[in-house]
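**Q** Return a 3D structure for these sequence lines:
(chains A, B, C and D)
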2 protein chains.
Amino acid sequence: MTPLQITVDVVTVIFSVDTEAQRLLVLLCMDEPARLPGMPLSGELTLAEQAYQVLATKVQVEHLYLEQLYTFGGPGRDARESPTHRCLCVAYFALVQYQETVLLPGPEPVQWVPFAELPPLAGDHAEIVRYGYQRLRNKLEYSPIAFQVLPELFTLGELYQLYTTILGDNFSDYSNFRARLLKLGFLQDTGQKVCRGAGRPASLYRFDRQAFLPYKDKPMVFI
Amino acid sequence: MTPLQITVDVVTVIFSVDTEAQRLLVLLCMDEPARLPGMPLSGELTLAEQAYQVLATKVQVEHLYLEQLYTFGGPGRDARESPTHRCLCVAYFALVQYQETVLLPGPEPVQWVPFAELPPLAGDHAEIVRYGYQRLRNKLEYSPIAFQVLPELFTLGELYQLYTTILGDNFSDYSNFRARLLKLGFLQDTGQKVCRGAGRPASLYRFDRQAFLPYKDKPMVFI
DNA sequence: GGGATTTTTGGTTAAGATTACTATAATTTA
DNA sequence: TAAATTATAGTAATCTTAACCAAAAATCCC
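**A** Numbers count the residues shown, from 1 in each chain, chains lettered A, B, ... in the order given. Here you go, the predicted model:
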């Protein structure tokens, strides 16, 4: 019996939100066919560090959220496989701040692609992206990842736009969204006012992590 | 550069609920130290099939729920590791029906251990069990896994006991639990009455999968 | 046998949350 | 300067939740 040879790829589904254009974006390597950024597992890093490495070789960004998504591994999912060689794929999920993200040059150029207009993807990468999108929606509803990728100070309108771009605008109207979020008590009004385009100036808010902590493990719904 | 050799173990955290004794149980291999059932990845099966295989070599059971839990893989998590050898662990989560489960004899005997009285576990298996317990609580609250491990016909009291044993009895009182579950509309009253010990006879209910399906992707809370 | 106990069942009520909607304030745009 | 735009505040009807209460129908146990 020949021992089974195993390859493990770490790929990262990187989302970001262009609130201006109201678009959810996915970072893709524009090969033919397009694929998710990834690299084979190396020896010294944890899986999470590796997933971050994948991200960091493609983009420069300070504010992000990263977590493990799922491990894909049916036999036959990769062309390199054979009876003695198995390929697994540990997928990670990332959300990065769009405005500050810089795409890095490299041998395989990456590009933001609107989630609504995904091209055909290599192997099972389309499935991985769909899985990541579900995770994104769920996380948004019951965890504060939005504040991870918003600037330190933001308006409630900007927060609402982030939510509508990802969830669609039928999850709540703006007025009720505002009331609910403010009631939760972890948004700190700085008192500063800004004008973003037309309309009455808005208050700048800050996410108060201290005030949020009591919500750990308690039911907490944003939408 | 020597190629990295990778071993992948598939382990399964198997929970069940002894409603009589009001105890949540975990299946452990009673080695020294105790550990979760698992086996190295082989060539022909999907990860899920492999996880089921792990389960099926230890217990005989018809009704169960199985899903992927998490992939653990920091370097240094396993004694077999070296600079050229990396061990990953793809963990699965299972919930099985206690009453019908038969522990199978084998070289490494398994045993139900109360979750409240876990012995020291090998490697990072304690972390994996804790992770599984969190998943169990979450799943119970917003998915119908309870019906997967309840007999075809069950009383609302039995359903409530399953919930209290896992979540503690401070999540809802019986009366409100009943009302909420019945309102959801996917519990079919068969009209049959049974007496379980003392007390007024209870109606036997059936989980109506058809009536449940509309809840897919919709918020749905049981507690 | 018969009262105590246990469990199921079916409520009620007050408080809180949600939804849809309205109105007003303060800015930019035309 | 009027119109449009966005932020903010609030209301009222409806629905949900939490904490109870009480009767019904069985077993338990003396």
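**Q** Which parts of chain A belong to which domain?
**A** A:5-145, A:150-215 (automatic domain parsing).
**Q** for the record, mean pLDDT for the last one?
**A** What it means is domain A:150-215. Domain A:150-215 comes out with an average pLDDT of 95.
**Q** how about the domains of chain A, which one is nearest DNA strand D?
**A** DNA strand D lies closest, by CB to the nearest atom of the strand, to one member of those: domain A:150-215, at 2.2 Å. Glycine gets a C-beta too; all of them are placed from N, C-alpha and C.
**Q** right, is that closest one up against chain B?
**A** No - Domain A:150-215 lies out of reach of chain B by CB under 8 Å from any CB of the partner chain, never closer than 10.5 Å.
**Q** what's the angle from the longest strand belonging to chain A to strand B:5-18?
**A** Using DSSP state E to define each element, chain A has its longest strand at strand A:5-18. Calculated by axes from the mean of the first three to the mean of the last three CA atoms, to 10 degrees, strand A:5-18 forms an angle of 70 degrees with strand B:5-18.
**Q** Show me what strand A:5-18 pairs with in its sheet, parallel or antiparallel.
**A** strand A:23-29 (antiparallel), strand A:38-40 (antiparallel), strand A:85-96 (parallel) (DSSP bridges).
**Q** closest to DNA strand C out of the ones you listed?
**A** DNA strand C lies closest to strand A:23-29 among these, at 21.8 Å (CB to the nearest atom of the strand).
**Q** just how off-centre is that closest one within its chain?
**A** Its chain's C-alpha centre and that of strand A:23-29 lie 10 Å apart, by CA atoms, centre = their mean, to the nearest Å.
**Q** Identify the residue spatially nearest to A:Leu182, adjacent ones excluded.
**A** Excluding its sequence neighbours, the residue lying closest to A:Leu182 (CB to CB, 6 or more residues apart in numbering or on different chains) is A:Leu156, at 8.0 Å.
**Q** Distance-wise, check the closest residue to A:Leu95 other than its chain neighbours relative to A:Leu136.
**A** Using CB to CB, 6+ apart and skipping the chain neighbours, the partner closest in space to A:Leu95 is A:Tyr65 (4.6 Å). As judged by CB to CB, to the nearest Å, A:Tyr65 and A:Leu136 stand 10 Å apart.
**Q** Report the set of residues contacting both of those two.
**A** A:Leu95 (CB atoms under 8 Å, 6 or more residues apart in numbering or on different chains).
**Q** List the residues that contact the spatially most central residue of chain A.
**A** Nearest to the geometric centre of chain A sits A:Leu95, at 2.3 Å (CA atoms, centre = their mean). Neighbouring residues of A:Leu95 by CB under 8 Å, 6+ apart: A:Ile14, A:Phe15, A:Ser16, A:Val17, A:Leu64, A:Tyr65, A:Leu136, A:Lys139, A:Ile145, A:Gln148, A:Val149.
**Q** out of those residues, who's nearest B:Val26?
**A** Nearest to B:Val26 among the contacts of A:Leu95: A:Lys139, at 27.8 Å, using CB to CB.
**Q** To which secondary structure element type does that closest one belong?
**A** helix (DSSP: H, G, I helix; E, B strand; the rest coil).
**Q** Tell me how many other residues crowd the residue nearest to it when sequence neighbours are not counted.
**A** Spatial nearest neighbour of A:Lys139, chain neighbours left out: A:Ile145 (5.0 Å); criterion: CB to CB, 6+ apart. Neighbours of A:Ile145 under the rule other CB atoms under 10 Å in any protein chain shown: 17.
**Q** Quick check: phi and psi on A:Ile145?
**A** Note on A:Ile145: its backbone torsions stand at phi -70, psi -20 [degrees, to the nearest 10].
**Q** residue contacts, it?
**A** So A:Ile145 contacts A:Tyr65, A:Leu95, A:Lys139 (CB under 8 Å, 6+ apart).
**Q** Please, which helix or strand holds the first one?
**A** When secondary structure is defined by DSSP states H and E, A:Tyr65 falls within strand A:64-72.
**Q** what residues does that strand touch?
**A** So strand A:64-72 is contacted by A:12-13, A:47-48, A:51-52, A:55, A:88-97, A:124, A:127-128, A:131-132, A:135, A:139, A:145, A:148-149, B:47, B:68, B:70-71, B:90 (CB under 8 Å, 6+ apart).
**Q** Direction included, what does it pair against?
**A** In its sheet, and by DSSP bridges, strand A:64-72 pairs with strand A:85-96 (antiparallel).
**Q** ok so, going back, out of the strands paired with strand A:5-18, deepest packed?
**A** Among the strands paired with strand A:5-18, strand A:85-96 has the highest mean neighbour count (mean count of other CB atoms under 10 Å in any protein chain shown), at a mean of 24.
**Q** List the strands paired with whatever helix or strand comes next after it, with their directions.
**A** Moving toward the C-terminus from strand A:85-96, the next helix or strand (DSSP H and E) is strand A:102-103. Partners of strand A:102-103 in the sheet, by DSSP bridges, are strand A:59-60 (antiparallel).
**Q** Next one: A:Glu49, what pLDDT does it get?
**A** 96.
**Q** who's the closest residue in space to A:Ala51 that isn't next to it in sequence bridged to?
**A** In space, and not counting its chain neighbours, A:Ala51 is closest to A:Tyr92: 3.5 Å by CB to CB, 6+ apart. As for beta bridges, A:Tyr92 partners with A:Thr12, A:Gln68 under DSSP bridges.
**Q** Cool, thanks, signing off.
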